[in-house]
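Student: Got a predicted model here, sequence first, then my questions.
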Amino acid sequence: MTQLVLPNDTNILNNLLGGTLMHWIDLVGAMVANRHCRTPIVTASMERINFLNPIPLGHLVLLKAKIQYAGKSSMEVGVEVYSEDTLTGEQSRASNAILTYVAVDLKGNPVPVPKLILSTEEEKASYNEAIKRKQERLARS
């Protein structure tokens, strides 16, 4: 997903508002989760968000999301955010986040999601890291 940082999206330093970025991260994560399961989804948690670098007015915001784990009804989505200078094309990493979504029916009850097909070693490593994070979340509950 790509967004343009406009004046209404900025703080007094002319950088993107953190809350606006969080909204965009949730949107792109939700789209990826929905496309995986093709059912309504709800946001269960935002595990972590890191604001690494400010994103200035006029820059493009590139949000890249992917499913890292699919359980019984939940999915973990990782989101990477990049800032792109529209005049030079230079990109820099701006943020990252991990979110959990739950697939639901029209009454809001959890429903099963398709399993992931892990093809690469990178996908398998990402999946295993997501399982560890899930176990840590459950231990904290």
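Tutor: Cool, got the structure. In this text the structure is predicted, and so the values were computed from the model without any measurement.
Student: all strands for the protein, in order.
Tutor: With DSSP state E as the criterion, the chain has strands at 2-4, 41-51, 60-70, 74-84, 91-103.
Student: Of these, flag the one that's most buried.
Tutor: The highest mean neighbour count among the strands of the chain, using mean count of other Cβ atoms under 10 Å, belongs to strand 74-84: a mean of 22. C-beta here means a position set from N, CA and C on the backbone, and glycine is covered the same way.
Student: beta partners for the residue nearest the centre of the chain?
Tutor: The structure's the chain has its C-alpha centroid closest to Val79; by Cα atoms, centre = their mean the separation is 3.4 Å. According to DSSP bridges, the partner residues bridging Val79 are Ala65, Ala97.
Student: tally of neighbours for the residue nearest to Tyr101 when sequence neighbours are not counted?
Tutor: Spatial nearest neighbour of Tyr101, chain neighbours left out: Ala33 (3.9 Å); criterion: Cβ to Cβ, 6 or more residues apart in numbering. Counted by other Cβ atoms under 10 Å, the residues lying close to Ala33 total 26.
Student: how close does Ala33 get to Glu84?
Tutor: Counting by Cβ to Cβ, to the nearest Å, the gap from Ala33 to Glu84 is 25 Å.
Student: about what we covered before: do you know which of the strands of the chain lies nearest Glu123?
Tutor: Evaluated over the strands of the chain, closeness to Glu123 peaks at strand 60-70, with 8.4 Å, by Cβ to Cβ.
Student: pLDDT of the closest one, averaged?
Tutor: Mean per-residue pLDDT for strand 60-70: 97.
Student: same for that strand, what does it pack against?
Tutor: In this structure, strand 60-70 packs against strand 2-4, helix 18-37, strand 74-84, strand 91-103, helix 121-140, with contacts taken as 3 or more Cβ pairs under 8 Å, 6 or more residues apart in numbering; DSSP states H and E.
Student: Distance to Leu60 added to the ones you listed, as a markdown table?
Tutor: Putting those into a markdown table (distance: least, Cβ to Cβ, whole Å) gives the following:
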| stretch | distance to Leu60 |
| --- | --- |
| strand 2-4 | 6 |
| helix 18-37 | 12 |
| strand 74-84 | 4 |
| strand 91-103 | 9 |
| helix 121-140 | 26 |
